[in-house]
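# 3D model of this:
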Amino acid sequence: MAWRNIWRNRRRTLLTLSSIVFGIFLAVLTTAFQDQNWTDTINLAARIGGGHISLQHPDYLDAVRHLDSSVSTTTAARVDGETARIVREALERASLLLVAHRTELDSLTSQLCNKETVSGAEIAMILSASTKAESPNISYPSR
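Numbering: from 1, shown residues only. So this is what the prediction gives:
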């Protein structure tokens, strides 16, 4: 009974079957491409690197673990102190710039709150209007 109903509308049945076959074909094709791509990636990594097999001395991993301690603690402390000093000076300079240009930033912020975008000409106008007021002298930390 069901077999007769399937072939009652031949065009619909053939369209459905061809859609199923085409979908399976695309699934198999993309799986094949993915598998080939994965195989090529593994082979390329093996060619660029040491190959599929890596031989190493039994003490190699211990030597790699000790590379982290190759810098002395005094050198590390000196580098940390210098980095902290540079960051502290940059923070001070940024704070001074923000304080010095507070009016320009407030004007620009209010414009951005009112509009979604501000053109370059509008920014220049805001900056020129607010720089007419005397800006304070700022001394920056020496480097």
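
# pull the helix or strand with minimum mean pLDDT from this structure.
Using mean pLDDT, DSSP states H and E, the weakest-scoring helix or strand in the chain turns out to be helix 60-65, at a mean of 64.

# Off-centre distance for the following helix or strand past that helix?
Using DSSP states H and E, the helix or strand that follows helix 60-65 towards the C-terminus is helix 73-100. Distance, stretch centre to chain centre, for helix 73-100: 26 Å (CA atoms, centre = their mean, to the nearest Å).

# what's downstream of helix 73-100, the next helix or strand?
Following helix 73-100 in sequence order, the next helix or strand is helix 102-114 (DSSP H and E).

# now residue 53, what's its secondary structure?
coil (DSSP: H, G, I helix; E, B strand; the rest coil).

# pLDDT score assigned to the most centrally placed residue in the chain?
For the chain, residue 41 is the residue whose C-alpha lies nearest the centre (CA atoms, centre = their mean; 22.8 Å). pLDDT, residue 41: 92.

# Please apply the same query to residue 16.
pLDDT, residue 16: 94.

# Quick one: end-to-end distance for stretch 56-75.
Distance across stretch 56-75, first residue to last, is 31 Å (CA to CA, to the nearest Å).

# now stretch 110-124
Distance between the boundary residues of stretch 110-124 (CA to CA) amounts to 15 Å.
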